[in-house]
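J.: Give me coordinates for this.
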Amino acid sequence: MTGPRFGVWAPVYGNHGARHHPQDPPDAGYRRTRDLLLRAENAGFDATLVAQHVNHPGATENDVLETWSTLAALAEATSDIELIGAIKPLLFNPLVFAKVAANISDISAGRLSINVVSGWFLPELEALGIDPLHHDDRYAYTREWLDIVTDLWSGKHVSIGAGGGQQAIVRPVPQHFPEVYVGGESEPGRALAASRGDVFFINGRPLADTAALIDDLRTRPRDRQGLRFGLSAFVIARPTEAEARAEEAYLQSLIDAEHRPEISQGTDPNTAMYQVLAGTSRIGSNGGTLAGLVGSYEQVIERIDAFHAAGIDLFMLQFQPIEAELDRFAENIISHYR
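T.: Presented below is the predicted three-dimensional model:
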């Protein structure tokens, strides 16, 4: 196994952690994301994840960055960083998406990957005027949708829907086949990752829980090369553990002052992610500090090494304030591995 890879969440929600941080006001504009990822690329980060929401899940009046037009621009603006774009199949016709993604893959010279997420925030699906489907039915649709997309990328003629008539094709086909990241920890999500994914994204959680989830996925039947794993985490690293814990307490105090609900209103109650996270104290989204990357530089490196030994290849990270903490992580953590 090669060394760990590091990515940074694009600030599509404006920021991560406390929404009203004095040094990190929310900014969901494209230019902030572009400048951040150029900075990350120069600092040695390997990847970014651009999440997808058409409405902000924290509060629908808040700004949220659009994913796929942003990825097209980032494909031109950046040079080396892997661009992982989240996609909810209910939001995109598979032919239209296959064509858009093939073009972005070409613009980026093969750096595009996709993160398939079946969807959990019901209000944005309702706002589109579409049937959000039952949780398990969304996964069934996602599997069918993904098969169509990958067949189109392979150059096949594909019938979409039951109406007959003209078959769908994508020309030109992408020279570089985008890798498929799968998120979702329910049984249908795990089954989809095992059978169709290249990488399974795990929400931040303690090492033992992460290792158990990896072991479960590795035992499942698969007709392609081995499944790889990514982990989401919020990082607070300082010269000493005491300093890191003090910063953690400060961020938590800012969050507590905002009186946000533990789970976004409108979340599908069948979503496994929130069943796992219910009742936990954490900073950041998608598990955040539950992964335990809070401590001295040496402690954070030790925990990264332990997760990597358990099977985590890519660490997709959140910081606050984003730019300053990204620089700190690169200088004190990434430098250890390069």
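J.: Name the next helix or strand downstream of the lowest-mean-pLDDT helix or strand in the chain, please.
T.: Every helix and strand in the chain was compared by mean pLDDT, DSSP states H and E; the lowest is helix 272-277, with a mean of 60. Next helix or strand after helix 272-277 toward the C-terminus (DSSP states H and E): strand 294-296.
J.: what helices or strands is that next one leaning on?
T.: Judged by 3 or more C-beta pairs under 8 Å, 6 or more residues apart in numbering; DSSP states H and E, strand 294-296 is in contact with strand 236-238, helix 241-258. For glycine as for every other residue, the C-beta is placed from the backbone atoms N, C-alpha and C.
J.: and the first one, average pLDDT?
T.: For strand 236-238, mean pLDDT is 98.
J.: So what touches it?
T.: 244, 247-248, 251, 283, 289, 293-297, 300, 325, 328-329, 332-333 (C-beta atoms under 8 Å, 6 or more residues apart in numbering).
J.: All the helices of the stretch 1-150 of the chain, residue numbers only.
T.: 30-43, 67-77, 94-107, 122-127, 135-153 (DSSP state H, counting those that start in this stretch).
J.: other SSEs contacting the longest one?
T.: It stands for helix 135-153. helix 94-107, helix 187-196.
J.: Compare those helices and give me the one nearest F177.
T.: helix 94-107 (8.1 Å; C-beta to C-beta).
J.: Show me what the closest one is packed up against.
T.: helix 67-77, strand 82-87, strand 112-116, helix 135-153.
J.: Where among the ones you listed is average confidence lowest?
T.: Of all the helices and strands packed on helix 94-107, helix 135-153 has the smallest average pLDDT, which comes to a mean of 92.
J.: tell me the secondary structure for the residue of the chain most remote from its centre?
T.: Distance from the C-alpha centroid of the chain, by C-alpha atoms, centre = their mean, peaks at G165 (36.7 Å). The three-state assignment at G165 reads coil, by DSSP: H, G, I helix; E, B strand; the rest coil.
J.: measure it to D80 for me?
T.: 43 Å (C-beta to C-beta, to the nearest Å).
J.: ok, now Y297?
T.: 25 Å.
J.: So between the two, which is more surrounded?
T.: Y297 (20 against 12; other C-beta atoms under 10 Å).
J.: Can you say which of the helices and strands packed on strand 294-296 is packed in most?
T.: With neighbours defined as mean count of other C-beta atoms under 10 Å, these peak in mean count at strand 236-238, which reaches a mean of 23.
J.: quick one: strands adjacent to it?
T.: Neighbouring strands of strand 236-238 in its sheet, by DSSP bridges, are strand 294-296 (parallel).
J.: Can you list the neighbours in contact with the partner strand?
T.: Taking C-beta under 8 Å, 6+ apart as the rule, strand 294-296 contacts 235-241, 243-245, 248, 300, 303.
J.: JSON lines please, covering these and showing distance to V50.
T.: As requested, the contacts of strand 294-296 are exported to JSON lines (distance: C-beta to C-beta, whole Å):
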{"residue": "V235", "distance to V50": "19"}
{"residue": "I236", "distance to V50": "23"}
{"residue": "A237", "distance to V50": "24"}
{"residue": "R238", "distance to V50": "28"}
{"residue": "P239", "distance to V50": "32"}
{"residue": "T240", "distance to V50": "34"}
{"residue": "E241", "distance to V50": "33"}
{"residue": "E243", "distance to V50": "31"}
{"residue": "A244", "distance to V50": "28"}
{"residue": "R245", "distance to V50": "31"}
{"residue": "E248", "distance to V50": "27"}
{"residue": "V300", "distance to V50": "25"}
{"residue": "R303", "distance to V50": "26"}
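J.: Of the residues you listed, which is the nearest to R34?
T.: Taking the contacts of strand 294-296 together and measuring to R34 by C-beta to C-beta, the closest member is V235, at 22.0 Å.
J.: isn't that closest one right next to E325, touching?
T.: Yes - in this structure, V235 is within contact of E325 by C-beta atoms under 8 Å, at 7.0 Å.
J.: who's more crowded, these two?
T.: V235 (26 against 23).
J.: if we can go back for a sec, need the residues touching each of V235 and E325.
T.: Common neighbours of V235 and E325 (C-beta under 8 Å, 6+ apart) are F319.
J.: any weak-confidence spans in the stretch 51-200 of the chain?
T.: 120 (pLDDT under 70).
J.: repeat for the stretch 201-338 of the chain
T.: If you take pLDDT under 70 as the line, the stretch 201-338 of the chain has these spans: 261-280.
J.: ok, now with 50
T.: By pLDDT under 50, the stretch 201-338 of the chain contains no weakly predicted segment.
J.: before we move on, back to that, make a markdown table out of the helices and strands packed on helix 94-107 and add distance to L36 and mean neighbour count.
T.: Below are the helices and strands packed on helix 94-107 laid out as a markdown table (distance: least, C-beta to C-beta, whole Å; neighbours: other C-beta atoms under 10 Å):
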| stretch | distance to L36 | mean neighbour count |
| --- | --- | --- |
| helix 67-77 | 10 | 18 |
| strand 82-87 | 13 | 24 |
| strand 112-116 | 18 | 24 |
| helix 135-153 | 29 | 19 |
